[in-house]
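S.K.: 3D, please:
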Amino acid sequence: MIVRYNDDENNKVKRWLKIGAWTFGIALFLFVGLFFLTIWLENKLERMVAEQSDGVYELQLHGLQLSPFIGNLSVDSLSLTPDYERWQQLNSQYKDVSPTLMDLQSREIALNGLNYLAVLFGSDPQLDEFIIENPEMLVTMMRKDTTSQEEPLHASVPDRIKGLQIGQIDLGSGKVSYRDDTDTASTIFSIQQFNLTVDDIRLDSQSFQAQDRAYYAARVIFNAEQAAFFTSDKLYRLTADSIVMNTDSSMLQAKQVSLNPTTDPTSMAEAKGEATAYMESDIPLIALTGIDFPEHSRNSNLIARHLLIQEPSLDIFKDKKNFENKYKRPFPHEIVQNVQVKFLVDTVELTSGFIKYETIVPEAAERGLFTLENLEITVSNFSNMPEHISMENPAVVQANGLVMGKTRANITSRMPLLEENGYHTLVGEVASTDPKILNPMVAPTAFIRIESGQISRGSVDLELTNEQATGTFRLIYSNFEIELLSKGTGGDQSLGKEILSELANWVAVKESNPGSEGEQPRVAEVDVAHEDENSIFNFWAKCLMDGFKSIATIM
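M.R.: Residues are numbered from 1 along each chain as shown. Model (predicted):
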């Protein structure tokens, strides 16, 4: 009995030793196999990228780790480098090459929860998580893209990734730049740091059409810091301290937005070949809310409920002394009609704005100055979509502010923005004021100084097109006197101008409107031709000046 018991124990030990040996052998085989598989896969991926790109791209993977049983794959770092000379060579041979190249350098990249069986048996590929840490991307436009993508993404991608499902994509602490040439000075757009999270993306037709999804995903969150954009002529740089987009809350906002010129006023005018507005602007907050991201992802239409522009400041200088206007200034109608993307914003709201406009004219010794302060603007039905805007249902602009920081003025303009002739109306009012507040502008530019007077009220009612403006101008004022100034003197008056001023006030200029007790106020009939090289704001100002000259009988 004792011997039999020992035999049983020995047999059990031998069986467990065999099991252990087999387990160890299998584990060792798998480890060695996985080690060589990892090396093979790393080399295979690098060769495949080089072959399929015809030598345009070189892929380098470092620290590749593969866990096929749990579906994980990761690399410690990745480098995807384009060969620009090879691209030029293939392009000169009329080969089918991409119009853009991307240089990607990244730290850790991880694919977690990859369903290998689904891939092997032809089902939709599935991935739980895709993580990229510290990606740095440089995108170069090698040539203009003349192709048009009519098919949605899910219909145009290779068959092997159609129906792709990823639980979450996380790009952390990334950096991106976009340029239109291989020259480093040709950067158009850059972001110093960004984070991107995409939840539950499904690359199929159902997700494309789903009303609760945008860009095939349940949610997209994008945060960026230190973004910069250069205009195509490189004369302006637009920056933002931060940008946030969230499809779940239907919002897009940018903080501390600035527009700054990259050169001085004279150099800019020389580059443009004409008198040009030299602008600087700061905006603490731009916020677009109520965005229909699903509509944008399906049809590229931009539809939103509200656009807020908070406390903007704008400084403008125009040198008319050394340069002339030569080229056409488009009306808002033409600008809107040339926008390729269809858009509708129910309400645009600008709050607490400030505008300073300075100009110097021929024979002037100093700049003229005009300001608008505490500016409030509301635009309703801002759109270029025919189903939303028409003569009967135009965009409506309502604005009010303090002229020279002192006098309240307000205007309303109805703009059917799809009318090719630029038709719109302008109705405005100004409150009681001292007209001498306009001297900083009229003295240096019109060589007239207002000596005295009081405006009780004024109004304008106009219909305008890109050819003509007609309407009425009313101004109730009293005790109006002017002084004619000598040009090029900085506001001084010669003896001849002093005599002419006295004659003008005595003979030409009507001192008051109405002229005497019981007299009906004079009403000016405005009839002004539009000059293509002048802006719509210059056109409005010219109409007001024409009306004032008519009432005051200034020739």
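
S.K.: For stretch 127-135, which residues meet the burial criterion?
M.R.: Residues of stretch 127-135 classed as buried: 127-128, 130, 132-133, 135 (neighbour count, 16 or more other C-beta atoms under 10 Å). Heads up, the C-betas are built off the backbone N, CA and C, glycines and all.

S.K.: same deal with stretch 289-304?
M.R.: Buried-residue list, stretch 289-304, by 16+ other C-beta under 10 Å: 291-298, 302-304.

S.K.: what separates that stretch from the chain centre, distance-wise?
M.R.: Distance of stretch 289-304 from its chain centroid, counting by C-alpha atoms, centre = their mean, to the nearest Å, is 15 Å.

S.K.: again, but for stretch 228-235
M.R.: Put simply, stretch 228-235 sits 12 Å off its chain's centre (C-alpha atoms, centre = their mean).

S.K.: Same check on stretch 388-403?
M.R.: 22 Å.

S.K.: show me where the stretch 51-200 of the chain has strands.
M.R.: Assigned by DSSP state E, counting those that start in this stretch, the stretch 51-200 of the chain shows strands spanning 57-62, 65-67, 72-75, 77-82, 100-106, 109-112, 126-133, 136-141, 165-179, 187-202.

S.K.: Parallel or antiparallel, list what pairs with the second one.
M.R.: Sheet partners assigned to strand 65-67 using DSSP bridges are listed as strand 72-75 (antiparallel).

S.K.: wait, isn't residue 391 in contact with residue 419?
M.R.: Yes. Using C-beta atoms under 8 Å, residue 391 is in contact with residue 419, at 6.9 Å.

S.K.: Could you check which of those two is surrounded by more residues?
M.R.: Between residue 391 and residue 419, residue 419 has the larger neighbour count (other C-beta atoms under 10 Å), namely 18 against 10.

S.K.: after the helix or strand of the chain with the lowest mean pLDDT comes which helix or strand?
M.R.: In the chain, the helix or strand scored least confidently by mean pLDDT, DSSP states H and E is helix 495-503, which has a mean of 41. Sequence order places strand 523-529 as the next helix or strand after helix 495-503, per DSSP states H and E.

S.K.: all strands of the stretch 351-500 of the chain, in order?
M.R.: Secondary structure of the stretch 351-500 of the chain, counting by DSSP E, counting those that start in this stretch: strands at 368-383, 395-403, 407-415, 424-430, 448-464, 468-484.

S.K.: just checking, what packs against the fifth one?
M.R.: Packing partners of strand 448-464 (3 or more C-beta pairs under 8 Å, 6 or more residues apart in numbering; DSSP states H and E): strand 424-430, helix 439-446, strand 468-484, helix 536-552.

S.K.: Quick one: residues contacting residue 317.
M.R.: Residues in contact with residue 317, defined by C-beta atoms under 8 Å, 6 or more residues apart in numbering, are 265, 277-278, 357-359, 367.

S.K.: Also residue 198?
M.R.: Residue 198 is in contact with 166, 168-169, 215, 217, 219-220, counting by C-beta under 8 Å, 6+ apart.

S.K.: pLDDT below threshold where in the stretch 101-250 of the chain?
M.R.: Applying pLDDT under 70 to the stretch 101-250 of the chain flags residues 116-123, 147-149, 184.

S.K.: and if you look at the chain?
M.R.: 1-41, 68-69, 116-123, 147-149, 184, 488-509, 554-555.

S.K.: which non-adjacent residue is nearest residue 286?
M.R.: Spatial nearest neighbour of residue 286, chain neighbours left out: residue 254 (4.8 Å); criterion: C-beta to C-beta, 6 or more residues apart in numbering.

S.K.: Am I right that that neighbour falls within a strand?
M.R.: Yes. Membership of residue 254 in a strand is supported by DSSP: H, G, I helix; E, B strand; the rest coil.

S.K.: Just to check, it is in contact with residue 243?
M.R.: Yes. The pair residue 254 / residue 243 is scored as a contact, 4.9 Å apart, by C-beta under 8 Å.

S.K.: what's the overlap in contacts for those two?
M.R.: Shared between the contact lists of residue 254 and residue 243 (criterion: C-beta under 8 Å, 6+ apart) are residues residue 227.
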